[in-house]
Every structure is written in C-alpha cells, then in structure tokens.
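1. Fold the following for me, if possible:
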Amino acid sequence: MKKLILFGIVCFALFSFINIKEEELIIPDEAIRLRVIASSNSVEDQNIKKQVRDNIQKEIVKLSDAKDIDRTRENIKTNLDTIEQITKETLKELNVDEEYDIHYGYNYFPDKKYKGVTYEEGYYESLVITLGEGKGENFWCVLFPPLCMLEAEETQTDEVEYKFYIQELLEKYF
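-> Below you'll find the predicted structure:
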C-alpha cells in the first residue's frame, strides 16, 4: 500500500512539473520575436535556413538584454547591418545565390502550436529574415525575453538523453 501511495505522489509531482515547464514558455505580450523563413520545403532550402538560423543566433544572443526591451530594440536596430552581413556570408559560404530580405518591425505570424501552447496569428514586433521565395517552413523563437537561448540549446544536437530523478529512484527501489 505504501508503494502505491508513493507511486501516486510521484506521478502527481511529475505531471505538475511538466505543466509548470510548459507554462514557462508562454510568450509575454511585450516580446520581440525572431523568424527565419526558408525559400521552400526542399531539404536543401531547409538546410540553408538552419545554417542561417545557427549563424544569426550566435550573434543575436549578444543583442538581447534580458532586463530591458528598449535596450534590446536599440541593439537590434544598431546591428541590422551585422545581421545582414552574417546572412550574406552564410549564403556565400553555402554557394547559394538567392535573394533575401531582413525586416525589423511588426511582421505577420501565422497560428503556431508549440509545446502544447497555441500562439495566435497576428502582427508581432519581430526580426524576420526571408530567404528566396519565403514559401518554406520557418524557424522562430523569442529574442526578448531571451527564449532563443533555450531554442539554441535544444538545436545543438539531435540526440537527447532524458533523465528523470524520480524514475531513477523508482527503478532503484522497486
């Protein structure tokens, strides 16, 4: 009976933890987003988008100020030339000769469901990089507050190992 009660408590705690994590990812009303749109959904165009995204994220993380949205705005505006240069150099390194557009301001975002939360379509303050025709799947994250850091960490590797302390305890004692 004690094992059953302990198991119930562990399950409750685990589900509570999962729900808290999802709530932490809700984008606040005052946010700045980043979006990189691929030219198409071909494997090649998606790989180009990912490379542009990776190179932009390395720079963009420096621009985000977790404490001040106005400072983040100013950093983005001041560094638009740098962002364009990174995009241009990335395409050149990949031997890709296609147009691109970089726009900072209020841009349209379609509905998006992410980690159990649906984000409504609308115009949001954002930095949008459109590659080629801009008809492919896109990557997006939040620059302010700096949630792109979470995304960058998740995209570093395809292999993810999940460890649950509670599961380890259960396996050890049961």
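2. hey, where'd the strands end up in this protein?
-> Secondary structure of the chain (DSSP state E): strands at 32-37, 100-109, 112-114, 117-119, 122-131, 138-144.
3. While we're on the nearest residue to Ala31 once chain neighbours are set aside, how confident is the model there?
-> Nearest residue to Ala31 in three dimensions, chain neighbours excluded: Val142, at 5.3 Å (C-beta to C-beta, 6 or more residues apart in numbering). Glycine gets a C-beta too; all of them are placed from N, C-alpha and C. The predicted structure scores Val142 at 85 on the pLDDT scale.
4. what's the spacing between Val142 and Ile76?
-> Val142 is 13 Å from Ile76, where distance means C-beta to C-beta, to the nearest Å.
5. go on, Gly105?
-> Taken as C-beta to C-beta, the spacing of Gly105 relative to Ile76 amounts to 10 Å.
6. got it, and Asp97?
-> As judged by C-beta to C-beta, Asp97 and Ile76 stand 27 Å apart.
7. gap between the closest residue to Asn79 other than its chain neighbours and Arg73?
-> Here the nearest residue to Asn79 in space, its sequence neighbours aside, is Leu63; by C-beta to C-beta, 6+ apart that works out to 5.7 Å. The spacing between Leu63 and Arg73, counted by C-beta to C-beta, is 10 Å.
8. So those two - more neighbours on which side?
-> More neighbours surround Leu63 than the other of Leu63 and Arg73, with 24 against 17 (other C-beta atoms under 10 Å).
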